[in-house]
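Peer 1: need the 3D shape of this:
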Amino acid sequence: MKELTAVLIGAGARGAHGYAPYAINYPHLLKFVAVAESNPERRASFAKEHGIPEDRCFDSWEKLLEQPQMADIAMICTQDRMHYHPTLQALNNKYHVLLEKPMSPSPKECLEMEKASKENNRLLTICHVLRYTPFWSAIKRLIQEDRIGQVVSIQLNENVGYWHIAHSFVRGNWNNSDTSSPMILSKSCHDMDVLSWLMDQPCVRVSSYGSLMHFHSENAPEGSTDYCINGCTVESTCPYSAPRFYLGEGKGWARHFTEELTRENIVKGLKETPYGRCVYRSDNNVVDHQVVNMEFANGATAMFSMCGFTRHQERRIQIMGTKGELRGDEDKLTLLEFVTHEETEIKIATPTSGHGGGDSGIVSSFLEEVRNYDGGESLTSASASVRSHLMAFAAEESRLNHGKSIDLSEFAIHNMEP
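Peer 2: So this is what the prediction gives:
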């Protein structure tokens, strides 16, 4: 198979450590030839790992994309509100684009990116990585094989994990919707996407409730300080202690604020970066729990629940059909048939790459689609992503309006006109 070349825009956790390792593991299939990253340490580290010469290292996406096209693919892994402009420019420069989710917190920007992809006859694939995992692929296959009949209702729980919500959505880059995206987009657009995919029906109506119930200043314990490491008297009994996490089992997550995971660097980060802040004294505003109810065109329904107050980071799903029921969590599916009352347990192989194999799965699939591109769309094309993004936008509109039921057709007319 032909080796494809790529440029990386944004060498953070998802770009450098989520998708780019595919080129290290399969160097005959993918090679990075340029990188754009504003952080000099990350830029230098990525260039060294992938053998990129200094004249192909840029401190901004603008400088990279003002160059003549230098690769087949542009992987864009910038922050949520920094997706739109580099994506348009990369498509106009005739790159096939693999874009980290969500597309954008702006409905109109999502549509304009989809339009640019079609006008330039280039792939724009959004990193809804769950579709590319063995677990979710098996669920889709069982539904298509009519093993449970027509899907009537789905219940999907996203257990974020108490430590993960503190890391990413209280202290981290996705803690404030004014600078990133609402939680329903930044974290749960994966879930809106798989629900849309499994139902294979247009969503027509949503309602949603949720709030920032716990992580705010009114719940700050007496004796707590702005930074955990600066004399907090309750740090040893706080579930969200930054020193306990980043100096202990969560050491690898410290890569978000230091490239070298030495104790000295981590302690320095706990004193100087947002990742060391008290969870009750941060600038976060995104919800820590949310539920969404959905109705689909054929009358089927779905319920989604996201909660940060769980021990484990996992998704659990129950799909109820006219002939049977399917339950799934982690690496196991259970099929229950109504006529025979038989239960079939299906063990799913656990891949080693991130997101249950989705990170490597989407890159592998994208490369194959680029090699054989004939004008068609990918599994998680911009068109497919716009549909699930619309569900998320409408859910947030409902949440902000006390659970008001939102008609998606009317919402699209008023909010997603180009």
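Peer 1: which residues of the stretch 251-400 of the chain score low on pLDDT?
Peer 2: Applying pLDDT under 70 to the stretch 251-400 of the chain flags the ranges 352-353.
Peer 1: what segments of it are helices?
Peer 2: When secondary structure is read from DSSP state H, counting those that start in this stretch, the stretch 251-400 of the chain shows helices at 263-272, 358-371, 382-400.
Peer 1: tell me the most buried of those?
Peer 2: Ranked by mean neighbour count under mean count of other CB atoms under 10 Å, the helices of the stretch 251-400 of the chain are led by helix 382-400, which reaches a mean of 23. Just so you know, the C-beta spots here come from the backbone N, C-alpha and C atoms, and that holds for glycine as well.
Peer 1: alpha carbons of it, as CSV, please.
Peer 2: Taking Å, rounded to 0.1, in the frame of the first residue of the first chain, the C-alpha atoms of helix 382-400 are listed here in CSV:
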residue,chain,number,x,y,z
ALA,A,382,-18.7,16.1,8.2
SER,A,383,-22.2,15.5,7.0
ALA,A,384,-22.8,12.7,9.6
SER,A,385,-21.2,14.8,12.3
VAL,A,386,-23.4,17.9,11.5
ARG,A,387,-26.4,15.7,12.3
SER,A,388,-25.2,14.7,15.7
HIS,A,389,-23.8,18.1,16.4
LEU,A,390,-27.3,19.5,15.8
MET,A,391,-28.6,17.1,18.5
ALA,A,392,-26.0,18.5,20.9
PHE,A,393,-26.7,22.1,20.1
ALA,A,394,-30.4,21.6,20.6
ALA,A,395,-29.8,19.7,23.9
GLU,A,396,-27.8,22.6,25.2
GLU,A,397,-30.5,25.1,24.1
SER,A,398,-33.1,23.0,26.0
ARG,A,399,-30.9,22.8,29.1
LEU,A,400,-30.5,26.6,29.2
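Peer 1: next SSE after it?
Peer 2: For helix 382-400, the succeeding helix or strand toward the C-terminus, using DSSP states H and E, is strand 406-407.
Peer 1: quick one: mean pLDDT for that next one?
Peer 2: Strand 406-407 shows a mean pLDDT of 97.
Peer 1: got phi/psi on Gly250?
Peer 2: phi -100, psi 20 (degrees, to the nearest 10).
Peer 1: ok so Lys108 is a strand residue?
Peer 2: No. Using DSSP: H, G, I helix; E, B strand; the rest coil, the secondary structure at Lys108 is helix, not a strand.
Peer 1: how many neighbours does it have?
Peer 2: 13 (other CB atoms under 10 Å).
Peer 1: relative to His414, how far out is it?
Peer 2: Lys108 sits 11 Å away from His414, taking CB to CB, to the nearest Å as the criterion.
Peer 1: equivalent analysis for Ile76, please.
Peer 2: 29 Å.
Peer 1: the more surrounded of the two?
Peer 2: Neighbour count, other CB under 10 Å: between Ile76 and His414, Ile76 has more, with 25 against 9.
Peer 1: do you know the pLDDT at that one?
Peer 2: Looking at Ile76, its pLDDT reads 98.
Peer 1: mind listing the residues bridging to it?
Peer 2: Legend: beta-bridge partners of Ile76 under DSSP bridges are Ile9, Leu99.
Peer 1: how long is stretch 22-39 end to end?
Peer 2: End-to-end distance for stretch 22-39, by CA to CA, to the nearest Å: 22 Å.
Peer 1: name the residues that touch that stretch?
Peer 2: For stretch 22-39, contacts defined as CB atoms under 8 Å, 6 or more residues apart in numbering pick out 1, 3-12, 20, 43, 46-47, 49-50, 52, 56-61, 63-65, 67, 70-71, 359-360, 363-364, 367.
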